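Student: what follows is a predicted structure for the sequence shown.
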Amino acid sequence: MTSWKKYERFVAELCSEDYQSTNTTVMPNAKIKGCLSKTIRQVDVLIDSRFGDDRNRRIIVDAKKYNRPLNVKDVESFHGMMIDCSSKVGILVCPNGYSAAAKKRAQDFINLKIVSLEELEDIDLDLWDDCLSSHCDKKSKRGLVLWDAPMGIGALSSPVSISCIGKCDVCGDFHVWCWDCGKKFSLSDESEAKCNCGHPWFWLTAIEEDETSSNDHEHSMSVYLLLVTPSDALIADRKPLN
Ligand SMILES: [Zn+2]
Ligand SMILES: [Zn+2]
């Protein structure tokens, strides 16, 4: 693995420690369609609302791989990307600091963060699992799965059943890890799967239009991960497509 790839994963892991919660989801290497450019933008880490489209929660993170300090131009081009990704908050991460002018230009809307490359030695990528998706192996570079905090599924089982949800940082596929039986499995877009436990539920992915909380942008689509029970389909996670 190149050290820059490791650096990207390290930044994703830091973000997941800082931002992952019941209401937000953290996606490493996300791809969303820009609202202005109409092209697919690659985002090193996308932090977004977990259950529906709420752009007020959206944060994009760019892990810059420069051997020099960031300058005003870097800040300005990142701000353009934030607008295209309809994100009001952005984090620019760099290993080598930034100029005073860049700091001034960033002002309130961009958070500049220095992550030193020495910290990479402490990162434990063993916490990341290899992607289980059969179509992930692009040029023998299989992705790794960033796991969420464990979640309890309490209403239907006693004792509470625990599962983790994760996303691959190459193909983006959802992964589910059942702590009851230990099974881990991936779900490509628009598929369904379950573990070996015989739970009265299964997991389903579906591409659906978001229920928007505001009308300041065109209608948006996401891949939803749903927990389907005999009586309900609950949103467990989402990957925005724009
Ligand atoms: Zn993958
Ligand atoms: Zn299970």
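Tutor: Sure thing, it's come through. It should be emphasised that the depicted structure is a prediction, and the values quoted were computed from it without experimental measurement. Ligands and ions are numbered 1, 2, ... in the order given.

Student: look up how far ligand 1 lies from the residue most central in space within the chain.
Tutor: Centre of the chain computed as the mean C-alpha position; nearest residue by Cα atoms, centre = their mean is residue 27, 0.6 Å away. Here the criterion is Cβ to the ion, to the nearest Å. By it, residue 27 lies 12 Å from ligand 1. Yep, even glycine has a C-beta here, placed from its N, CA and C like the rest.

Student: ok, for that residue, nearest residue in space, not its chain neighbours?
Tutor: Leaving aside its sequence neighbours, residue 27 sits nearest to residue 46 (Cβ to Cβ, 6 or more residues apart in numbering; 4.5 Å).

Student: residues contacting that neighbour?
Tutor: Listed by Cβ atoms under 8 Å, 6 or more residues apart in numbering, the contact partners of residue 46 are 26, 27, 30, 32, 58, 59, 60, 61, 85, 240.

Student: check the secondary structure at it for me.
Tutor: The local conformation at residue 46, judged by DSSP: H, G, I helix; E, B strand; the rest coil, is strand.

Student: beta partners of it?
Tutor: residue 27, residue 60 (DSSP bridges).

Student: for residue 149, give me its contacts.
Tutor: Taking Cβ under 8 Å, 6+ apart, one finds 20, 164 in contact with residue 149.

Student: use 21 as the first number from now on
Tutor: Got it, the first residue is 21 from now on, which makes the last one we talked about residue 169.

Student: how many neighbours does residue 90 have?
Tutor: Other residues near residue 90 come to 24 when the count uses other Cβ atoms under 10 Å.
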